[in-house]
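Asker: Just a sequence and a predicted model for now, questions to come.
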Amino acid sequence: MNQHLLFAIAGGDLRQQRLADMLALDGFEVRITGFDSSPYINSGAKAFESLAETVNGADCVVLPLPVTHDGACLNTPFSRSVYLMDELYRSLSPGQLVVGGLINKNTYEKAKEYGFKIIDYLEREELSVLNAIPTAEGAIQIAMEELPITIHGSNVLVIGYGRCGRVLAKALQALGANVTASARKCADFAWMRVQGIRTAHTDNLRNIGEFDLIVNTVPALILDEYLLNKVKRDCLIIDLASKPGGVDLSVASQLGLRVIWSLSLPGKVAPVTSGEIIKEAILNIIAEEAMQ
């Protein structure tokens, strides 16, 4: 990897903060903006106030995960300033490589309009697989803190058997939980059988009232009014799905159910590990782009 690469990191949470540290320690030149209120200081990264100064001439511009919450402003939880997405678009150069997480449709359209190249690092398979580990650990941490019973011996339902669901179900099983996972694909049911996980179909959760803990990983409404009415009142529900989530929060509140919607868990429970995972994905992207 060319050590003379210049990285510009614009906004983000502790994951991007740690990413800047690691890239600087690796010998890369790193510029940052949007971290003026962070309790952590980047070693070796140069802080700039404006987006234009930060991204000017950068070989790779790194944006947050998600890039924006509202479509108008860059996601900068550690900044007192507001950075407009339109300002970012105008600051980027044609052909410049930009990477970010959960990139929305409008940003892709702006990439075509302004000519910069944008890639979603969250769609990288290596990142998604490894990111499932801190997500699963974070969900288990929440369950241990919130449940009045042990994980061991509890009845747990994991909705969805993708990367996160698979890692989470196995980790809960290792702790002694009676784990059921739901899915829709025959291949997923086969993997559950191989791993000794009880199976359920996501469209037929008729036994949902049996569980002490329900963890949803599907980013679509699964736990609707019908199912929530069948859930035990002392059951804990953890929703790991990105917006719009998988739980009807209004109905759950009316029923007195405990729901914890935990977004971006990797950045909260393991920012260093998560930063390393993002770094690996970004360096892989750069290497692949260089080969084209």
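Answerer: Arrived safely, thanks for sending.
Asker: elements contacting the least confident helix or strand in the chain by mean pLDDT?
Answerer: Least confident helix or strand, the chain: helix 265-269 with a mean of 88, by mean pLDDT, DSSP states H and E. Helix 265-269 sits against helix 14-25, helix 125-146, helix 271-291, with contacts defined as 3 or more Cβ pairs under 8 Å, 6 or more residues apart in numbering; DSSP states H and E. For the C-beta atoms, the positions are set from N, CA and C on the backbone; glycine is no exception.
Asker: Which stretches in the stretch 51-200 of the chain count as helices?
Answerer: Using DSSP state H, counting those that start in this stretch, the helices of the stretch 51-200 of the chain run over residues 51-55, 85-91, 105-114, 125-146, 163-174, 186-195.
Asker: Figure out which of those helices is closest to residue 257.
Answerer: helix 125-146 (12.4 Å; Cβ to Cβ).
Asker: what's the angle from the closest one to helix 163-174?
Answerer: 40 degrees (axes from the mean of the first three to the mean of the last three Cα atoms, to 10 degrees).
Asker: and helix 125-146, what's its mean pLDDT?
Answerer: Averaged across helix 125-146, the pLDDT comes to 96.
Asker: Also stretch 182-191?
Answerer: 97.
Asker: winner for burial among the helices and strands packed on helix 265-269?
Answerer: helix 14-25 (a mean of 23; mean count of other Cβ atoms under 10 Å).
Asker: following that helix, which helix or strand comes up?
Answerer: Using DSSP states H and E, the helix or strand that follows helix 14-25 in sequence is strand 29-33.
Asker: Could you name the helices and strands sitting against the following helix or strand past that following strand?
Answerer: Downstream of strand 29-33, the first helix or strand assigned by DSSP H and E is strand 45-47. Here strand 45-47 touches helix 14-25, strand 29-33, going by 3+ Cβ pairs under 8 Å, 6+ apart.
Asker: about what we covered before: select, out of the helices of the stretch 51-200 of the chain, the one closest to residue 206.
Answerer: helix 186-195 (16.6 Å).
Asker: Could you check the angle that closest one makes with helix 163-174?
Answerer: Going by the same axes, to 10 degrees, helix 186-195 makes 20 degrees with helix 163-174.
Asker: rewinding a little: run through who's touching the least confident helix or strand of the chain.
Answerer: Applying Cβ atoms under 8 Å, 6 or more residues apart in numbering, the contact partners of helix 265-269 are 13-15, 65, 131, 134-135, 137-139, 141, 240, 262, 273-274, 277.
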